[in-house]
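Visitor: no letters, just coordinates:
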């Protein structure tokens, strides 16, 4: 039996999440200075040491910048931020997931087309093996992770490492909430059958078919994932 471990959240974890939420919701607007540390710590009911640790994390994430003698300023993350912010944004606001999936669809279709043109014989064999792993997965979670590896291999097959990094970025963006997005993988055999036309078109070197198959696959899985997420959000709201 697989048991999911219980995550322990420290006060710093909770404060970081609260500050992040307040920034994203506009309580602390981009370009403005946060209140002095003593005042801010008192407002959140934490020590200044805890506050410093939380602010340090947010600075590493590109949400704020701190200058000695001036204070901590909220950064305009949409102007200066990078893709590393996506996991945090997606976990905070499902609206970001919709936009992430749109990019996933466009990039994924292009990757499939390029992969069909450039894949090697070894990569074809690997894609077939990974597709079988999706079908043989013991549960939805394992099938979802196996599906991720298929798409990573498709990106490798393009021969362009930037496509692989983009693929990793998009997956990392929604992996923190992936358990709410497992609807397409509840039946691993059906999940593999849904993905099969993409893999076969790449193996057979049919670029246009691969692109169309990827577009269909990504649209269908996106619909299933977001539909399941909507239901989960509605159920949570009712509670």
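Guide: Great, that's in hand. Computed from a predicted model, the values in this text were never measured in an experiment.
Visitor: which elements pack onto the helix or strand containing residue 38?
Guide: For residue 38, the host element (DSSP states H and E) is helix 37-44. Here helix 37-44 touches helix 11-24, helix 48-60, going by 3 or more CB pairs under 8 Å, 6 or more residues apart in numbering; DSSP states H and E. C-beta: built from backbone N, CA, C; applies to glycine.
Visitor: gap between the helix or strand of the chain with the lowest mean pLDDT and the chain center?
Guide: Ranked by mean pLDDT, DSSP states H and E, the weakest helix or strand in the chain is helix 86-92, scoring a mean of 76. On the basis of CA atoms, centre = their mean, to the nearest Å, helix 86-92 is displaced by 7 Å from the centre of the chain it belongs to.
Visitor: burial count for residue 224?
Guide: 18 (other CB atoms under 10 Å).
Visitor: look up how far residue 23 lies from it.
Guide: From residue 224 over to residue 23 the distance is 32 Å, taken as CB to CB, to the nearest Å.
Visitor: wait, doesn't residue 83 sit right on residue 169?
Guide: Yes - with contacts counted by CB atoms under 8 Å, residue 83 reaches residue 169, the gap being 4.6 Å.
Visitor: for the residue located most distally from the centre of the chain, helix, strand, or coil?
Guide: Distance from the centre of the chain peaks at residue 69, with 36.7 Å (CA atoms, centre = their mean). Counting by DSSP: H, G, I helix; E, B strand; the rest coil, the backbone at residue 69 sits in coil.
Visitor: could you find the closest non-adjacent residue to the residue nearest to the spatial centre of the chain?
Guide: Centrality entry for the chain: nearest residue to the mean C-alpha point is residue 173, 1.7 Å, by CA atoms, centre = their mean. Nearest-residue entry for residue 173: residue 86, 3.7 Å, with adjacent residues in sequence omitted and distances by CB to CB, 6 or more residues apart in numbering.
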